[in-house]
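1. have a look at this prediction, sequence included:
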Amino acid sequence: MKLKILKFKSVKSTNDVALMLIKKGNTKPSIVLSERQTKGRGTMGKKWISKKGNLFLSILFDMSIKKINFKKFAVLNAYLLKSILTKKFSDKIKIKWPNDLLFKKKKICGILQETVINAGKKFLIVGIGINTNLDPKNTNFPSTSLKHITNKNIDNKKLFIMIKKNYEKLLLLANQNSFSELKKFVQKL
């Protein structure tokens, strides 16, 4: 399943753009990608600090035909992103359930899932913020970046392509496989 890419220089929130697209009738599986967010959101109304140079995206797709529910997708999202980041950057990246990835107890990635019903169909929006090149300063929790871990500049385009390709595989498999099969798939990436 191919994901259509929608690129922006700056948005309030990639999840907000995805929500607007769904309300306007966009039913194609898509990725909203932005260089910057002015009002990035985290779970429970928390703010996600979105400095230009880091990676911000939201994936949207119709869930009404998928075998997997919202809660199970939360598990799959965390494992998929952890698999990509540990393989490429560090095996010390851990999941803080249900929606964060940490490196030595410092946040490196946040995941915000939201469901929307439009025209009788249920859509899932998976918002992903990854601190690739900058460490946001946040008083609520310590954070770090992939650049800080590796001492190298991170190519956001290459990381984005890895995420896109793996989500395309996951969404294709989600129509035909059980949760346990999908969990094995994302853990082996």
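-> Cool, got the structure. Numbering: from 1, shown residues only.

2. packing partners of the longest strand belonging to the chain?
-> Taking DSSP state E as the criterion, the chain has its longest strand at strand 106-118. Judged by 3 or more Cβ pairs under 8 Å, 6 or more residues apart in numbering; DSSP states H and E, strand 106-118 is in contact with helix 14-23, helix 70-88, strand 100-103, strand 121-130. Backbone N, C-alpha and C define where each C-beta goes, glycine included.

3. what residues are up against the residue nearest in space to the middle of the chain?
-> Per Cα atoms, centre = their mean, the C-alpha nearest to the average position across the chain is that of I128, at 2.8 Å. I128 is in contact with 55-59, 77, 81, 109-112, 163, counting by Cβ atoms under 8 Å, 6 or more residues apart in numbering.

4. quick check, nearest of the residues you listed to L3?
-> Checking the contacts of I128 against L3 by Cβ to Cβ gives I59 as the nearest, at 6.6 Å.

5. show residues contacting stretch 80-88.
-> With Cβ under 8 Å, 6+ apart, stretch 80-88 has contacts from 92-95, 101, 108-109, 111, 128, 130, 146, 159, 162-163, 166-167, 170, 186-189.

6. what of stretch 138-146?
-> Residues from elsewhere that reach stretch 138-146 (Cβ under 8 Å, 6+ apart): 46, 49, 54, 85, 89, 103-108, 130-137, 154.

7. tell me the buried residues within the residues you listed.
-> Buried members of these, scored by 16 or more other Cβ atoms under 10 Å, are 49, 54, 85, 89, 103, 107-108, 130-136, 154.

8. show me the two of those that sit farthest apart.
-> I49 and F89 (20.1 Å).

9. any idea which element the spatially closest residue to Y79 that is not a sequence neighbour lies in?
-> Nearest residue to Y79, sequence neighbours excluded (Cβ to Cβ, 6 or more residues apart in numbering): V186, at 4.3 Å. Using DSSP states H and E, V186 maps to helix 179-187.
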